[in-house]
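Student: Dropping a prediction and its sequence here:
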Amino acid sequence: MSLALKELRRRPGRFGVATVILTLIAILLMFLGGLLDGLTAGNTGAIRAQQADLIVYSSTSQDSLVRSRIDPEQRRQTRDVDGAGDVGELGSVQLGGRIEGRGRRDLVPIVLFGYGAASRGLPKPPAKPGEAWADDTLKAEGVKQGDVIRVGPARSPVRVIGFVDDTRYAGQSTLWASLGTWRKVQNDNRPDARVGPGVSQALVVQASASDPADLAARIDEATGGSTSSLTEDEAIDALPGVAAQESVFNQIIGLTVLIAIIVVALFFALITVERIGLYGVLKALGADSGRLFAGVLLQAVIVTLIACGIGALAAIALDAVIPVGSIPFIATGGRLAGSTLFLLVAAVIGCAFSLRRVLGVDPATAIGGGQ
Amino acid sequence: MSESSSTPALEMEDVRKVYEVADEEVVALDHADLTVGSDEIVALVGPSGSGKTTLCSIAGGILSPTEGRVVVGGRDISGYSPSELTEFRRDSVGFVFQTVNLIPFLTARENLLVVDEIGSRDRKRAQERADQLLEELGLEDRAGNLPSQLSGGQKQRVAIGRSLMNEPALVLFDEPTSSLDTKLGDQMVRLIREEMKSRGTAAIMVTHDDRITRHADRTVRITDGRISA
């Protein structure tokens, strides 16, 4: 093992090409992962902020918040189901927002939500009409606490009373107001889709004790099949484009890992070919193949860790310098660790292709070929 | 010590080595008998392709004989498995290869210690032995030099030191003077003789250079796989 480490330390140039290529792959992998996380966060923040056991849509909505309508009777039936704890309402409207100090036509796409106390990942709903919490990505648009954003064609005024984190929806910034404020904004700006008193788009349900999946079935039964109750994860997957987006990115990430396997395999196959003479000598001196292969593996793991370390630092630096709300990129510890793990597995698999060659080295080559 | 001095370093009895080459049998070693005393230095002489290297490889546990019996330092290795032969080479024989074959990124001292490293022996003892060997070989001031910073003779001496690290019963030298000029070659064979005799270690020097045979206790000739004294 120390032989492998000494070679790495004293002949770093020999591993330079592999380190550079693997570093680029690590950066690519972590960048892709960060983009996926950023996009996913930007699409799903509002649902995750509910910290709900269940989200209940109307059954005709095809699990779409925009299409869903929940009336007071469905809310009552849901609340009466045994095991349903807090049940709150949720409504949303997507509008253009005019921010103070910006041009009249310089609209910022905004989703205004109305919510109740059951949404546990958010502060208590603003008490006064026309007030809202703002997602902190709006800071990048110049919004400050106390500013008034005028939303929609009716230019409904909404005063920002503070900021909340990670609540974006459909890639847009959000405002979080009381249900009353939401209904007023909805009705003032979308006369074609007015909502009556007590009507919302979805219910946020916190289970008191029972299993959420079981509770979902009982809620849908209690409402006579007029609702579709989803766990939070199911609700996230049902968001338009989220599953497809993850699928596409994961395929690209998988392809990148495959390329990493090929790079490691080719590089260490070449190095092993170069070392056949050396391995012959070491085997003649009594080294077993397992020890020699362990040295190759150790070198591959160290080169990969160096590459991942540089990649992770680059990802963290990128995350730090990107202005909030510009590129949807997040460098999370889990993603960086996961990417490192993927590349380490790729390095081990890539190295495994050299195993046969190491096993096949004949110690007789050290003393003239054996014949 | 008395036991080792009475046990031959090598006993080969009726050893054959046959290779299959394109459905044909090639006899590399043909009923070879050879005994090397515990501190004897034998020069093995013969033309290219005569079977010198094969004999040396079998004696060193790199190849297994097709037939016959091979005993090295009292251990009958004739039926050893590949892993047993690996362990045997690690513990019981020393090699000095034709092209020296030092590990280029290790210093002279580390090239000696590599024998300990692949065997996982006592590191402290190995370090003491490496230092002692380097001193005896006149290389103490070159211990920290890489092979690229050593002359041909110095490299050869490091290789000799490496072959003695595991305190072997038998050291096999494959053409030890082939890369040296006549004067240096002569010095090297003298050094080999001194080192082997001072330790009571047996050696076989494979060569086709008749000039170095005068430093051996005995010369064994091999032609077409057959040994003649």
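Tutor: Received the coordinates, thanks.
Student: Return the residues of the stretch 1-150 of chain A in contact with chain B.
Tutor: A:2, A:3, A:6, A:7, A:10, A:11 (C-beta under 8 Å from any C-beta of the partner chain). No exception for glycine: its C-beta is placed from N, CA and C like everyone else's.
Student: Recalculate using a threshold of 6 Å.
Tutor: Applying C-beta under 6 Å from any C-beta of the partner chain, we find that the stretch 1-150 of chain A lies next to chain B at A:7, A:10, A:11.
Student: Up against chain A, what does chain B have?
Tutor: B:28, B:53, B:57, B:62, B:86, B:89-90, B:95, B:97, B:101, B:105, B:115, B:118, B:174.
Student: Try it again at 8 Å.
Tutor: So chain B meets chain A at B:19, B:26, B:28, B:49, B:53-54, B:56-57, B:60, B:62-63, B:83, B:86-91, B:95, B:97-98, B:101, B:103, B:105-106, B:110, B:114-115, B:117-119, B:162, B:166, B:172, B:174 (C-beta under 8 Å from any C-beta).
Student: From these, list the buried ones, please.
Tutor: B:28, B:53-54, B:56-57, B:60, B:62-63, B:86-91, B:95, B:97-98, B:101, B:103, B:105-106, B:110, B:114-115, B:117-119, B:162, B:166, B:172, B:174 (16 or more other C-beta atoms under 10 Å in any protein chain shown).
Student: just the helices in chain A please.
Tutor: Along chain A, counting by DSSP state H, helices occupy A:2-10, A:16-48, A:72-80, A:179-189, A:212-222, A:232-238, A:242-274, A:276-284, A:289-321, A:333-360.
Student: possible to save those helices as TSV with mean neighbour count?
Tutor: Conversion of the helices of chain A to TSV gives the following (neighbours: other C-beta atoms under 10 Å in any protein chain shown):
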stretch	mean neighbour count
helix A:2-10	17
helix A:16-48	21
helix A:72-80	16
helix A:179-189	21
helix A:212-222	18
helix A:232-238	17
helix A:242-274	16
helix A:276-284	22
helix A:289-321	18
helix A:333-360	18
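Student: before we move on, the earlier item: out of the buried ones among the residues of chain B next to chain A, list just those in strands.
Tutor: The strands, defined by DSSP state E, take in B:28, B:95, B:172, B:174 from those.
Student: Return the closest of those with respect to chain A.
Tutor: The shortest approach to chain A among those belongs to residue B:174, at 4.7 Å (C-beta to the nearest C-beta).
Student: residue contacts, the nearest residue to residue A:108 once chain neighbours are set aside?
Tutor: Of all residues not flanking residue A:108 in the chain, residue A:97 sits nearest, at 4.6 Å (C-beta to C-beta, 6 or more residues apart in numbering or on different chains). Counting by C-beta atoms under 8 Å, 6 or more residues apart in numbering or on different chains, residue A:97 touches A:107, A:108, A:109, A:110, A:149, A:150, A:151, A:173, A:175.
Student: at 7 Å what do you get?
Tutor: A:107, A:108, A:110, A:149, A:151 (C-beta atoms under 7 Å, 6 or more residues apart in numbering or on different chains).
Student: For chain B, which segments count as strands?
Tutor: So, for chain B - with DSSP E - the strands run B:10-21, B:24-36, B:41-45, B:67-72, B:75-76, B:93-96, B:170-174, B:202-207, B:218-223, B:226-228.
Student: Turn those into CSV, columns for mean pLDDT.
Tutor: As requested, those are exported to CSV (pLDDT from 0 to 100):
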stretch, mean pLDDT
strand B:10-21, 92
strand B:24-36, 91
strand B:41-45, 93
strand B:67-72, 95
strand B:75-76, 94
strand B:93-96, 93
strand B:170-174, 93
strand B:202-207, 92
strand B:218-223, 92
strand B:226-228, 88
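Student: who's in contact with residue B:107?
Tutor: Neighbours of residue B:107 in contact, by C-beta under 7 Å, 6+ apart: B:143, B:144, B:145, B:146.
Student: can I get the CA coordinates of stretch A:81-91 in CSV?
Tutor: Provided in CSV are the C-alpha atoms of stretch A:81-91 (Å, rounded to 0.1, in the frame of the first residue of the first chain):
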residue,chain,number,x,y,z
VAL,A,81,-62.3,11.7,9.3
ASP,A,82,-60.8,9.9,12.2
GLY,A,83,-57.0,10.5,12.3
ALA,A,84,-57.1,13.8,10.5
GLY,A,85,-55.5,16.4,12.7
ASP,A,86,-55.1,20.0,11.6
VAL,A,87,-56.8,20.6,8.2
GLY,A,88,-56.0,23.9,6.5
GLU,A,89,-56.8,25.4,3.1
LEU,A,90,-54.5,26.3,0.3
GLY,A,91,-55.1,28.5,-2.7
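Student: And the residue nearest to residue A:108, how far from chain B?
Tutor: From residue A:97 across to chain B, the span is 64 Å (C-beta to the nearest C-beta, to the nearest Å).
Student: same check, this time on residue A:41
Tutor: 47 Å.
Student: same check, this time on residue A:313
Tutor: Counting by C-beta to the nearest C-beta, the gap from residue A:313 to chain B is 29 Å.
Student: Per-residue pLDDT of that residue, please?
Tutor: On the pLDDT scale, residue A:313 is placed at 97.
Student: so what's the spatially most central residue of chain B up against?
Tutor: For chain B, residue B:172 is the residue whose C-alpha lies nearest the centre (C-alpha atoms, centre = their mean; 1.4 Å). Taking C-beta under 7 Å, 6+ apart as the criterion, residue B:172 is in contact with B:56, B:59, B:60, B:93, B:95, B:204.
Student: Which helix runs longest in chain B?
Tutor: Chain B, longest helix under DSSP H: helix B:182-199.
Student: How many neighbouring residues does the closest residue to residue B:148 other than its chain neighbours have?
Tutor: Nearest-residue entry for residue B:148: residue B:104, 6.6 Å, with adjacent residues in sequence omitted and distances by C-beta to C-beta, 6+ apart. Residue B:104 has 13 neighbouring residues, counting by other C-beta atoms under 10 Å in any protein chain shown.
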